[in-house]
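J.: no letters, just coordinates:
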């Protein structure tokens, strides 16, 4: 993804496996939950491609497959293909990369574990002095999906369904202010997702 491109080599591959091992009395049970393969390549100066393939006990799906173009301007980029909704850092991160077992319940309720779509996104950031910056993105999707991960065990408890698929236009937008605070980073933003009924 554009915000992490410089944290990785020019060409990279990652494989993530998730499962559970349960011990109850003298019974032991090992269960496969999910697997994810990530491919990323910066194959030209202004071009980068990435794809993510996920699999669990029920299905295999391509959750992301997109191209980023950085030749639009000094601080702008275009993203096209299938990618996550830009709805804050939480929704830009895969579940296995979180520091918690799952996303906050309010995000799972309205957006699912993962929200991705097929479309086009424009990003731009503006320096606002010192170590601060302002970033905004606008995205348009022609098909949108809110996807629940299987095997998490708490979807039924919280009343979540298996996700929403809509072959209808959707609009996403986000504006974020970021500044360094001590040894950390403070980020404040607002996100929007609109879908036609």
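T.: All right, it came through fine. Computed from a prediction, not measured in an experiment: that's the story for all the values here. Numbering: from 1, shown residues only.
J.: which stretches of this structure form helices?
T.: 88-92, 105-111, 155-158 (DSSP state H).
J.: same list (those) but as a markdown table, adding mean pLDDT and mean neighbour count.
T.: Heads up, the C-betas are built off the backbone N, CA and C, glycines and all. Converted to a markdown table, the helices of the chain look like this (pLDDT from 0 to 100; neighbours: other C-beta atoms under 10 Å):
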| stretch | mean pLDDT | mean neighbour count |
| --- | --- | --- |
| helix 88-92 | 80 | 16 |
| helix 105-111 | 82 | 15 |
| helix 155-158 | 36 | 12 |
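J.: among the ones you listed, which comes closest to residue 188?
T.: Shortest distance between residue 188 and the helices of the chain, using C-beta to C-beta, is found for helix 88-92: 10.4 Å.
J.: check the offset of that closest one from the chain's centre.
T.: Helix 88-92 sits 6 Å away from the centroid of its parent chain (C-alpha atoms, centre = their mean, to the nearest Å).
J.: for stretch 174-192, same thing?
T.: Its chain's C-alpha centre and that of stretch 174-192 lie 17 Å apart, by C-alpha atoms, centre = their mean.
J.: one more: stretch 134-144?
T.: Distance, stretch centre to chain centre, for stretch 134-144: 13 Å (C-alpha atoms, centre = their mean).
J.: may I see the buried residues of it?
T.: 135-139, 141, 144 (16 or more other C-beta atoms under 10 Å).
J.: let me have those residues in CSV, extended by pLDDT.
T.: Shown next, in CSV, are the buried residues of stretch 134-144 (pLDDT from 0 to 100):
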residue, pLDDT
135, 94
136, 94
137, 95
138, 96
139, 94
141, 88
144, 70
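J.: out of those residues, who's nearest residue 29?
T.: Here the nearest of the buried residues of stretch 134-144 to residue 29, counting by C-beta to C-beta, is residue 144; it sits at 36.6 Å.
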